[in-house]
Every structure is written in structure tokens, then in C-alpha cells.
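K.L.:
pasting the structure only:
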Ligand code: URA
């Protein structure tokens, strides 16, 4: 693996901020392969190095996985001059991560970011059919006919045929309805376009689950947290 700065390696564990890591290192409290290293910019191989802080071994994250509760108004891109990107919501030491797929600028909710290319690729692969669950508030009344149409596979405006999808009506009114949509693919604007084919305009859209990973309900909009080792392990079934 590419060598990285020691302060960055420590910060990527999520235990310390970059500044805390620098202070810890400068105080001589960090050993790399048994030897104190006092230079936060010292470059080491995170795969190979044994780190100890205050005598306690540091579990270096080989890969980093972050769950972000994406707010509206952010692009799921690593760089864009037109609007802030989801990376702007992460601290500088995590800006090497990339989003696992895209949510529209105005879609909110679960977005994973990682540096684990292989697993990210598997989660997005059209062949893996990883489920993505969304909650949508739409104009108009959703009916059983809409549910049937989703189950049979909606054909989009451009003739593209979607795989059978789940539509669960959570509440239905003449003006607005609320539903849960489950898709197993990731076509561009898919949920909005499927609902548009049923004559519904999406007012709000939130992703609440990806594969076996639900959005953490305690995670505030705009906040992120590291995935637990168990959550990453559970995602690995898609590899
Ligand atoms: N489907 C959409 O239409 N938009 C998203 O952001 C995600 C799924």
C-alpha cells in the first residue's frame, strides 16, 4: 500500500482528530515498529507498520468506510465547481475517500464513502443486484396499480426497462403520498423516473438502506460516522 503520513494513519482510525494525532506523535507517545516517531509527517506503510499509542496497539484501518447522512444541496462527486460536494462534509484527512455511487443533489440519506475500491465496485455492480431502499414523498395518490406496475418492472420514458421493484405505500392522500421503494439496480435518477412514469412527482427522496446496511437513525443530517467492523464484514457478503 502507498505510504502515508503517520498523523493521517492515526486519524483514519477515527480515534483521534488529525491535530490530536499530531500532538500525540510530537509528545513521543507513538511507537512505530517499537521505535518512537516524533515527526507527524513521517511516511509509513499502513499495511505493514505496527503502531502503539501510550503502549496500546493501534488497530490501523486498512480500509476506511464512512456512512454519511447526506443533506440536500451536495453533489455526490469528489470534485465539482458548481456546488459543494459530499467531501466538503468530511474532515480533510478523509477527503481521499470516494462516494459509493451517487445520490442526486437533492436526495438525502445514506451515502457510503470509502477507499475500498473492490467492495465499492461489488456494491454497485449491476450483476450483484444489491438492494437500495428509498423513502419518497410524492404528489398524488399512490394505488395498488402502482404497486403492481413496480412489481412487473417499469419502462422508463426512454424505453429502458427496469427490473421488478418494491413499492410499499406508507400513506396515500389525494394531494400527497408517502412510499418506500426498493430497487436492485442504479439507473440515473431511477426512483424519480419510475415514479414519474406513474404520474407522480417526487417531492423528497431519502435513501434509508443499502444492501444489509440501514441508515443509522441517530446520525444527524450532514453528519458522518465510521462503519463498525461488523458492518463492513456484513457488506463483504456482496464481494
Ligand atoms: N433514484 C433517484 O431518482 N435519485 C437518487 O438520488 C437515487 C435514486
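P.N.:
Alright, I've got the coordinates. Since the structure is predicted, the reported quantities are computational estimates derived from the model, not experimental observations. Numbers count the residues shown, from 1 in each chain.
K.L.:
okay, CA-based contacts and neighbour counts for the rest of this
P.N.:
OK.
K.L.:
beta-bridge partners for the residue of the chain positioned farthest from its centre, please?
P.N.:
Within the chain, residue 35 marks the point farthest from the mean C-alpha position, 36.7 Å out by CA atoms, centre = their mean. Beta-bridge partners for residue 35, by DSSP bridges, are residue 32.
K.L.:
roughly how far apart are it and residue 29?
P.N.:
In this view, residue 35 and residue 29 are 10 Å apart by CA to CA, to the nearest Å.
K.L.:
same check on residue 214?
P.N.:
In this view, residue 214 and residue 29 are 38 Å apart by CA to CA.
K.L.:
can you give me the helices in the protein?
P.N.:
6-11, 18-26, 117-124, 144-152, 190-197, 229-235 (DSSP state H).
K.L.:
from the chain's centroid, how far away is the third one?
P.N.:
Using CA atoms, centre = their mean, to the nearest Å, the mean C-alpha position of helix 117-124 is found 12 Å from that of the whole chain.
K.L.:
buried set for that helix?
P.N.:
By neighbour count on 16 or more other CA atoms under 10 Å, the buried set for helix 117-124 is 119-120, 122-124.
K.L.:
need those residues in JSON lines (columns: pLDDT and distance to residue 64).
P.N.:
Conversion of these to JSON lines gives the following (pLDDT from 0 to 100; distance: CA to CA, whole Å):
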{"residue": "119", "pLDDT": "94", "distance to residue 64": "11"}
{"residue": "120", "pLDDT": "95", "distance to residue 64": "11"}
{"residue": "122", "pLDDT": "94", "distance to residue 64": "16"}
{"residue": "123", "pLDDT": "96", "distance to residue 64": "15"}
{"residue": "124", "pLDDT": "94", "distance to residue 64": "17"}
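K.L.:
give me the subset of the residues you listed that also touch the ligand.
P.N.:
With the criterion set as CA under 6 Å from any ligand atom, no member of those is near the ligand.
K.L.:
correct me, but residue 5 touches residue 40?
P.N.:
Yes. If you go by CA atoms under 8 Å, residue 5 and residue 40 touch, sitting 6.6 Å apart.
K.L.:
of those two, which one has the most company?
P.N.:
residue 40 (21 against 16; other CA atoms under 10 Å).
K.L.:
care to break the chain down by domain?
P.N.:
Listed domain ranges for the chain are 4-58, 65-126+212-238, 132-210 (source: automatic domain parsing).
K.L.:
centre of the chain versus the longest one, how much separation?
P.N.:
Here the centre of domain 65-126+212-238 is set off from its chain's centre by 2 Å, with CA atoms, centre = their mean.
K.L.:
please identify the residues of the protein in proximity to the ligand?
P.N.:
Contacts of the chain with the ligand, taken as CA under 6 Å from any ligand atom, map to 103-104, 107, 189-192.
K.L.:
in TSV: those residues, plus neighbour count.
P.N.:
Below are these laid out as TSV (neighbours: other CA atoms under 10 Å):
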residue	neighbour count
103	24
104	15
107	23
189	12
190	14
191	21
192	18
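K.L.:
closest to residue 44 among these?
P.N.:
Nearest to residue 44 among those is residue 103, at 34.8 Å by CA to CA.
K.L.:
so that closest one touches residue 76, yeah?
P.N.:
Yes. If you go by CA under 8 Å, residue 103 and residue 76 touch, sitting 6.0 Å apart.
K.L.:
what about the closest residue to residue 3 other than its chain neighbours, how many residues close to it?
P.N.:
The shortest distance from residue 3 to any non-neighbouring residue, by CA to CA, 6 or more residues apart in numbering, is to residue 45 (4.4 Å). Neighbours of residue 45 under the rule other CA under 10 Å: 14.
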